[in-house]
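S.K.: Structure for this input, please:
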Amino acid sequence: MTHLIAPLLLVLAQLAGAAPDAAKPDPAALEQMARRALARVEVMRGQKLSKPLKMGVKDRDEVTKFIQQRLADEYGPAKVAAEGRLLQLHGLLPAGLDYGGFITSLLAEQVAGFYDHTRQELHIASWLPLFMQEPVMAHEIFHAIQDQEWGGGALIDSKKHTHDAVLAHAALLEGDATLVMLNYAQAEVDPTADMSTSKFAINMVATSLPLQMSSAQFPIMASAPDYLKQSLIFPYQRGLLFVAALRQGGRSWDDIREVYADPPASSEQILHPEKYWPDRDAPSVVKLPAPLWPGFTRGWEGTAGEFHFQQMLLGHLEVAEAAKAAAGWDGDHTVLETSGEQAVAVTLSTWDTPEDAAAFEAALRRVYDARKAPRPALTTERDGTTLAFAFSADAALARKAVDTARAKGTIERR
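M.R.: Numbers count the residues shown, from 1 in each chain. The predicted structure follows:
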């Protein structure tokens, strides 16, 4: 669900470390370097920016304020709090965590430069040492090309796309930009190098990303709940593997450009590139009416997606087992509804086969049984390929939510 992370900004997590007291490069030299990087990236991908790129150098305090402002503009405190409550009911966050505050600190720690698609401006991190700046600039400058020339910024607009689709789009953007960064660095040795077609090289990089992003020099990331770690890593790691899979399947860079006009629609398609191409598996459309009952308010709603369902099982199941149990996902609508102190998180989902629905229900039950007290009540109900489930501190409310979801929800199979 990385709902707050993915659409916030096109940000590059630090893939290599630098001492926090490293000497700060001269801002004028950084901007000159960025102009040189822009020219090289335009040649690499055969796409020029049609207007001058705005840029500026930012310190950590300025970046933190920017992230806080984007959270407020994109969501507002009520929706941030509702998402945190939903994730706690799902067992993905500890009780009492300041969700919005933690996300702000986590992103501020990981940023090594970013492109702001809302203002179409490149921000260069003042604290990054000079030897790391140029590959990072290549990554972020490519985000400007994705946004201004191919409409990439609009793909992470949470007001236009489902949350799961935003995550999938963020993976496309970050995966492609990471390949640009890798090839940019490799060009110093071999100008014709293209890592995207080397399955061995890509798998090595993808495997190393979690360790690099969670190393001891990043204490906030190291201390983060596993769900937040995986949410931040997903667009880079799985996006890299997704774009590389298309390239290794024979698609040219011109073909990859066309993906922006017809992007992956779900985290399922990112996790399983073959479900995007060559055989498209479009997610089903699931809807729950709002509100479920009079007197309740819908604080959060969206498509949770296969990535989120998989994360719900991790921590108590092995990775391969969790991935297999979530792999039959075909669509869902997940909501949080509240009335005073009462809260219920309810999901109506559809699966590829009845066996897939039964497998996820069984895995979810196993994980729930392993959760430590105090824990909310869980109610599930399955019928063929349809599975409804709800979490609430009030067992009767969870039961009512599942019954209402099954009675009033709609599923459009695709």
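
S.K.: how about low-confidence regions in the stretch 1-150 of the chain?
M.R.: For the stretch 1-150 of the chain, applying pLDDT under 70 flags the ranges 1-24.

S.K.: ok, 80 please
M.R.: Residues of the stretch 1-150 of the chain that meet the criterion pLDDT under 80 lie in 1-25, 71, 74-75.

S.K.: Show me how this protein divides into domains.
M.R.: The record's domain parsing of the chain by automatic domain parsing lists 10-274, 285-412.

S.K.: Now mean neighbour count too, for those domains, in a markdown table please.
M.R.: Backbone N, C-alpha and C define where each C-beta goes, glycine included. Below are the domains of the chain laid out as a markdown table (neighbours: other CB atoms under 10 Å):
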| stretch | mean neighbour count |
| --- | --- |
| domain 10-274 | 19 |
| domain 285-412 | 19 |
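
S.K.: List the residues that contact Phe360.
M.R.: Counting by CB atoms under 8 Å, 6 or more residues apart in numbering, Phe360 makes contact with Phe309, Ala325, Ala326, Gly328, Trp329, Ser349, Trp351, Leu387.

S.K.: nearest to Thr64, of those?
M.R.: Phe309 (32.1 Å; CB to CB).

S.K.: Gly331 is in contact with the closest one, correct?
M.R.: No - with contact defined as CB atoms under 8 Å, Phe309 does not count as touching Gly331 (11.1 Å).

S.K.: Find the residues that touch each one of these two.
M.R.: Taking CB under 8 Å, 6+ apart as the contact rule, Phe309 and Gly331 both touch Ser349.

S.K.: Now do the phi/psi pair for Tyr276.
M.R.: phi -100, psi -50 (degrees, to the nearest 10).

S.K.: right, and it touches Pro264 too?
M.R.: Yes - the criterion here is CB under 8 Å, and Tyr276 meets it with Pro264 at 4.9 Å.

S.K.: Grab the two from the contacts of Phe360 that are most spread out in space.
M.R.: Pairwise across these, and taking CB to CB, the largest span is found between Ala325 and Ser349, at 12.6 Å.

S.K.: Overlap in contacts, Tyr276 and Pro264.
M.R.: Counting by CB under 8 Å, 6+ apart, the residues touching both Tyr276 and Pro264 are Phe242, Ile270.

S.K.: got the phi/psi numbers for Gln342?
M.R.: According to degrees, to the nearest 10, Gln342 has phi -80, psi 140.

S.K.: Run through the residues that contact it.
M.R.: Residues near Gln342 by CB under 8 Å, 6+ apart: Phe296, Ser392, Ala393, Asp394, Leu397.

S.K.: JSON lines for those, including distance to Val136?
M.R.: Output for these, formatted as JSON lines (distance: CB to CB, whole Å):
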{"residue": "Phe296", "distance to Val136": "46"}
{"residue": "Ser392", "distance to Val136": "44"}
{"residue": "Ala393", "distance to Val136": "45"}
{"residue": "Asp394", "distance to Val136": "49"}
{"residue": "Leu397", "distance to Val136": "48"}
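
S.K.: Show me which of those is closest to Phe234.
M.R.: Looking across these and measuring by CB to CB, the closest to Phe234 is Ser392, at 27.8 Å.

S.K.: Confirm for me that that closest one is in contact with Val402.
M.R.: No - when contacts are counted by CB under 8 Å, Ser392 is not listed as touching Val402 (10.0 Å).
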